[in-house]
Every structure is written in C-alpha cells, then in structure tokens.
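Enquirer: could you work out the structure for the sequence below:
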Amino acid sequence: MKFFKAVLFLICVLGLSSAFAQSSAELKRRREKLNDELDQLNREYQETASNKKVSLKQLNILKAQINLREEKIVNINSEVRNLDNQISQSNNTVRSLQSQLDQLKKEYAGMVLFAYRNQSAYNKLMFIFAAKDFNQAYRRLKYLQQFGTYRERQAGYIQGTQRDLHVKINELDRDKKEKNNLLANQEKEKDELGKAKNTQVKVISDISKQQGAIKQQQRDVRKRIAQTNRAITNAIAREIEIARREAEEKARAEARAAAARAKAENREPAAPSKTAITKSSTNSQVLNATPEAARLSNDFLGNRGRLPWPVANGQLLHGFGTYTDADGIRSESSGYEIRTAANAPVRAVFEGEVRAIQDVAGAYTVILRHGEYFTSYSNLRSVSVSVGQKVSTKQTLGTAATDPSTGDPTVSFTLSKSRDFQNPKSWLADN
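Expert: Residues are numbered from 1 along each chain as shown. Sure thing, here's the model as predicted:
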C-alpha cells in the first residue's frame, strides 16, 4: 500500500512539473524574442545616434527599448516565480523520496535478517512440515517462494528510488543555478533600463534645443493621427447607416410580401417581427441583422485576447488612451501606434470584409468589418486587397509605410465595437 501511495505521489509531482515546464518554456521563448527585438533596436539606435541631429526617431527607439526592457524584467520575474515553485516542489519530492528510501531499506533489512535466520533447507522443510494439514503446508511453500520474489522486487524498488532521488537532486541543482542566472540577468536589465531612461532625458533635452523643427514634426504626427481618426470614424458611421438602410428596406419588403400573402389568403396580416430593424434599433442590432453578421460578431468576441497582432514583429509606441509627447503635450490615442520594420506586411487580425480603403495624408487606411466589430490599419504604403473582398485571419492587407515626420515605419491599429473604440490590449494576444 505504501508503495502505491508513493507511485501516486510521483505521478502528481510529474504532472505538476510538466505544467511548470510548459509555462517556463513559453516564458523562455518570450524572453529570447525580447532579446532579439532589443538587439535590433540597439542596432537601429546606433545608426541614428551617429547623426548629430537628434530626431524623434531616436526618441521613439528609446521609448521602444524602455518598454521592452520593462516587459523583459516582468517576464524574468515570472520565470523566477516558476523556478521557485519548481524548487519548492523538488525539495518536497526529495524529502519524500528520501523517506521512502529509508523505509524500503528498513523493510529490506528485516527481510534479509529473516532470510538469514531461515537460510538452511532444514529450517524451511521444518516450517512446511509443521503445518496442520496439506493446505497449510502448500500455502507455506508458496509463501517461501513468493518471499524470495518479493525480496528481489523490493531490491529493485530501492534501486529505482535511488535513481529517482539522484535525478531530482540534479534537477534541483540545475533549477537553483538557472534562478541565480536569471536574477543576475534581471539586475543587468535594471541597470540598462536606468541608462536608457537617463539617455531618454538627455535626448528630450537635446530635442528641446531644436524646438522649432521638433514641434513641427509633432504637429505633423498629431495632424496625421487626427485625420486618420476622423476618416475611420466617418467610414464606420457610413457603414452603420448603409447597414441600417439595407436592413430597414429588407424589413419593409418582407412586410409588404407578408401583407400581400395575407390579402391573397383573405386574413389579417401578422404583426411585424420584434427583430425587424426600425429607426429606433440600436447600432448593434443593425450590424447583427443578418445571421452571417451575428455569427461573425460572436466568433470575433469569442477570440478576445487571442487575436494576432497586425504585424508579425513590432514595438508599441503609443497605447490606447492618453499619452504625453516629448514636448509635454497630452494626446489621445484611439488604438495602438506600432513601430515595425520597413515595408513589413500588415495583416488582418480576424476574418472579415474590406469595407473601405482611403488615402489619408499620403498613406492608405484599410477598414475591415467583422459583424458589429471594425478594425482599421493605417499608414500603409501599399494595399493588396479591394473593397468588398472577404479576407481571412492573418491575410496580408498591405505593407507598412515610413512616417515622413519621424522616419519610423509605423502602423496605426484600431478596434471598435460599432462606433465605440476598444483598447486593443484586451483583444490582442501577447506579441
């Protein structure tokens, strides 16, 4: 019974270890990806730093570096917590295995002593012949045979437990070393983060000396963003109005057809359907008026938190909501401003239909409809889809353009439910 309890305990331990290992592997992959992105940003920053004229591009790279380093520190903290759990679990396992090993050795020593006292063939025969009847003699004979087999099996258990104990001790040592390495890496990242923030302060100070040119760059950026947001808002409003007119016309046509059938059958026409679209219907009802649109809305909502990013690789420059420019001006963002590679493919975050393609400030904006949800992709150099086209998840819509104001290849992304902009953070998966 003790042996089976031990086996059950080990199965539970291995299951927990597997869960930790999977999570640790994901965190490690994320840390390596952050390292690659930081290396790329470092190379780009060195290129811009060689130019004596400080630009917003330098500042944007520094912001991206700071964001990535902060994310990496958080990632390392999660790895350390995982390792702490694994170390604690391994310590418990080592103690349990040591206790089992001591008990197995104690039991085995008792069996060896018993075998030694009864090692002669004479004693064994006397043990059998002393039985009261034939059945008891037979059981005693089988007992002696099974006792030898059990002793061999017990020796095997001892060897197996010793091997498991050795493996767990090695794993424990490895986890402790890995934890120490991570903590050292974390301290290094904190130092680099401090240096990056100091450099950022210096760059902002240098930028302030070029106030005229920099302020013009900032005004150009804000103007482009404002123009893009107006274009997106107007396009969505038009889509809702078109959907409303189509739904109302469909409802009226169905009502006329129903009235004609009732007249032909000499009966009173049925009352209008409660789901029929009228002027008082909400935008959500209008956009979900068809079964296809309702299905797409539900599928889109069902993938909340798992949608892919609009670019395969990118760093967030501005998130959703209020942010402050280098010159101290507070601005509002309706979505994500993402820094990516030049000419990077921009892709759909979910299946849907292309409803608008607009030229805004010399760059393209593509708007997709996903039932009652809309996504927009702005600052595209080129577009590879057309209005009315159905697209699939991760299908390329176009390529990222370089912002002439900052010299950065950027993509603006928004996500809205009807006319209400949503924070992409709660919809997109971790990049």
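Enquirer: quick check: mean pLDDT across the biggest strand by length in the chain?
Expert: In the chain, assigned by DSSP state E, the strand with the most residues is strand 373-383. Averaging pLDDT along strand 373-383 yields 94.
Enquirer: ok, stretch 189-201 next?
Expert: Mean pLDDT, stretch 189-201: 82.
Enquirer: and it, which residues are buried?
Expert: 189, 192, 193, 196, 199, 200 (16 or more other Cβ atoms under 10 Å). In this view, the C-beta of every residue, glycine as well, is placed from N, C-alpha and C.
Enquirer: as CSV, those residues with secondary structure would be great.
Expert: Listed next are the buried residues of stretch 189-201 as CSV, based on DSSP: H, G, I helix; E, B strand; the rest coil:
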residue, secondary structure
189, helix
192, helix
193, helix
196, helix
199, helix
200, helix
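Enquirer: just send those back as CSV, with distance to residue 234 too.
Expert: As requested, these are exported to CSV (distance: Cβ to Cβ, whole Å):
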residue, distance to residue 234
189, 44
192, 44
193, 41
196, 39
199, 41
200, 36
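Enquirer: centre of the chain versus stretch 397-413, how much separation?
Expert: 25 Å (Cα atoms, centre = their mean, to the nearest Å).
Enquirer: please point out which parts of that stretch sit buried.
Expert: Buried residues in stretch 397-413, counted by 16+ other Cβ under 10 Å: 397-403, 405-406, 408-413.
Enquirer: what is the helix or strand just after the longest strand of the chain packed up against?
Expert: As assigned by DSSP states H and E, the chain's next helix or strand after strand 373-383 is strand 390-391. Applying 3 or more Cβ pairs under 8 Å, 6 or more residues apart in numbering; DSSP states H and E, one finds that strand 390-391 contacts strand 352-360.
Enquirer: change it to 10 Å
Expert: strand 352-360, strand 363-370 (3 or more Cβ pairs under 10 Å, 6 or more residues apart in numbering; DSSP states H and E).
Enquirer: which of the ones you listed is buried the deepest?
Expert: Using mean count of other Cβ atoms under 10 Å, the stretch among those with the largest mean neighbour count is strand 363-370, at a mean of 23.
Enquirer: for the buried residues of stretch 397-413, which one is nearest residue 341?
Expert: When the buried residues of stretch 397-413 are compared for distance to residue 341 (Cβ to Cβ), residue 409 wins out at 6.2 Å.
Enquirer: tell me how far the closest one lies from residue 345.
Expert: 12 Å (Cβ to Cβ, to the nearest Å).
Enquirer: tell me where this protein has strands.
Expert: 315-318, 321-324, 330-333, 336-339, 345-347, 352-360, 363-370, 373-383, 390-391, 396-402, 409-417, 420-422.
Enquirer: in its sheet, what does the fourth one sit against?
Expert: Just to be clear, that refers to strand 336-339. Looking at strand 336-339 with DSSP bridges, its partner strands are strand 315-318 (antiparallel), strand 409-417 (antiparallel).
Enquirer: what's in contact with the shortest one?
Expert: Read that as strand 315-318. Under the contact criterion Cβ atoms under 10 Å, 6 or more residues apart in numbering, strand 315-318 has outside partners 37-38, 40-41, 59-61, 63-65, 67-68, 71, 221, 225, 309, 323-325, 331-333, 335-340, 406, 408, 410-412, 424-425, 431.
Enquirer: what of stretch 286-298?
Expert: 236, 239-248, 250-251, 275-278, 281-282, 284-285, 350-353, 369-374, 417-418.
Enquirer: are any of the residues you listed buried, and which?
Expert: For the contacts of stretch 286-298, a burial check counting by 16+ other Cβ under 10 Å picks out 236, 239-240, 243-244, 247-248, 251, 276-277, 281, 285, 350-353, 369-374, 417-418.
Enquirer: can you pull out the helices in the stretch 101-250 of the chain?
Expert: Assigned by DSSP state H, counting those that start in this stretch, the stretch 101-250 of the chain shows helices spanning 121-129, 134-209, 211-264.
Enquirer: what does the average pLDDT come to for the last one?
Expert: To tie it back to what came earlier, the one meant is helix 211-264. Computed over helix 211-264, the mean pLDDT rounds to 77.
Enquirer: tell me the angle of that helix relative to strand 363-370?
Expert: Put simply, helix 211-264 runs at 30 degrees to strand 363-370, going by axes from the mean of the first three to the mean of the last three Cα atoms, to 10 degrees.
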